[in-house]
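S.K.: need the 3D shape of this:
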Amino acid sequence: MKDEIEKWEREDGIKLLKKIGIRSGQTILDFGAGVGHYTIPAARVVGNDGLIYAFDKDKNALEELQRKLKKQELKNITLIETDGNLKIDLENSSVDVVLAYDVLHLVDDRKGLYKQVYQVLRQGGLFSVYPKHNKLDSPGWGLEKITPRDIIEEIERIGFCFEDKYCGLLSHDDTINEGCILNFKKNERK
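M.R.: Numbers count the residues shown, from 1 in each chain. Here you go, the predicted model:
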């Protein structure tokens, strides 16, 4: 299991993030970063000219991520411990990509989160969501009664435009499993 996750962070995660559109030099917010299964590959993709904000309320997860960053000598990641509220304390229009992977089921006010993401994303920015635990994928917590189509509609109501869906092997907790990522672009509000 550990070898599988290390390979994910070193190779497979990088390939996936490039496939969804992450590029060198971008600024990325990993909302609900946990121990960094997406943060670390994202840091490798954006390189030294890019920046990753790893945003999480779990102090222990961020401490584990910090140990991994030190061991791997990654210096383009800023850890942000939150108190659990949805306020994303970054400048408006300052981020190119927001990742919300395997976290929506833990958010009581998803509409509030989507609005915060809209604020911090640059025009044309990418909002990438892995809605694990929805009705069609290990149902549980707050998403057990809704489908990915429902999530797409929720996010589009805020002003995002659904772009594409990527399905394949994804990191979930400390395993690799099949799942789908939904990508949205920030459009000018009408």
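
S.K.: residues in contact with the lowest-mean-pLDDT helix or strand in the chain?
M.R.: Scoring the helices and strands of the chain by mean pLDDT, DSSP states H and E places helix 2-7 at the bottom, with a mean of 87. For helix 2-7, contacts defined as CB atoms under 8 Å, 6 or more residues apart in numbering pick out 37, 171, 174, 175, 176. For every residue, glycine as well, the C-beta is placed using N, CA and C.

S.K.: run a quick neighbour tally on residue 165.
M.R.: 11 (other CB atoms under 10 Å).

S.K.: sec struct for residue 70, please.
M.R.: Three-state call for residue 70 (DSSP: H, G, I helix; E, B strand; the rest coil): helix.

S.K.: quick check: closest non-adjacent residue to the residue sitting nearest the centre point of the chain.
M.R.: In the chain, the residue lying closest to the centroid (CA atoms, centre = their mean) is residue 99, at 2.0 Å. Of all residues not flanking residue 99 in the chain, residue 30 sits nearest, at 4.8 Å (CB to CB, 6 or more residues apart in numbering).

S.K.: what do you get for residue 51?
M.R.: residue 27 (4.8 Å).

S.K.: so residue 84 is in contact with residue 57, correct?
M.R.: Yes. Assessed by CB atoms under 8 Å, residue 84 is found in contact with residue 57 at 4.4 Å.

S.K.: okay, those two: which has more neighbours?
M.R.: Neighbours of residue 84 and residue 57, each counted by other CB under 10 Å, are more numerous for residue 57; the result is 14 against 9.

S.K.: list phi and psi for that one.
M.R.: phi -100, psi -10 (degrees, to the nearest 10).

S.K.: show me what counts as buried in stretch 108-123.
M.R.: Buried residues in stretch 108-123, counted by 16 or more other CB atoms under 10 Å: 110, 113, 114, 116, 117, 118, 120, 121.

S.K.: again, but for stretch 166-177
M.R.: For stretch 166-177, by 16+ other CB under 10 Å, it's 166, 170, 171, 172, 176.

S.K.: now stretch 149-162
M.R.: For stretch 149-162, by 16+ other CB under 10 Å, it's 151, 152, 154, 155, 158, 160, 162.

S.K.: what of stretch 85-103?
M.R.: 86, 88, 90, 94-103.

S.K.: and what of stretch 42-54?
M.R.: 42, 43, 44, 45, 46, 50, 51, 52, 53, 54.

S.K.: which residues sit against that stretch?
M.R.: So stretch 42-54 is contacted by 13-14, 17-18, 22-30, 33, 36, 39, 62, 65, 74-80, 90, 95, 97, 99 (CB under 8 Å, 6+ apart).
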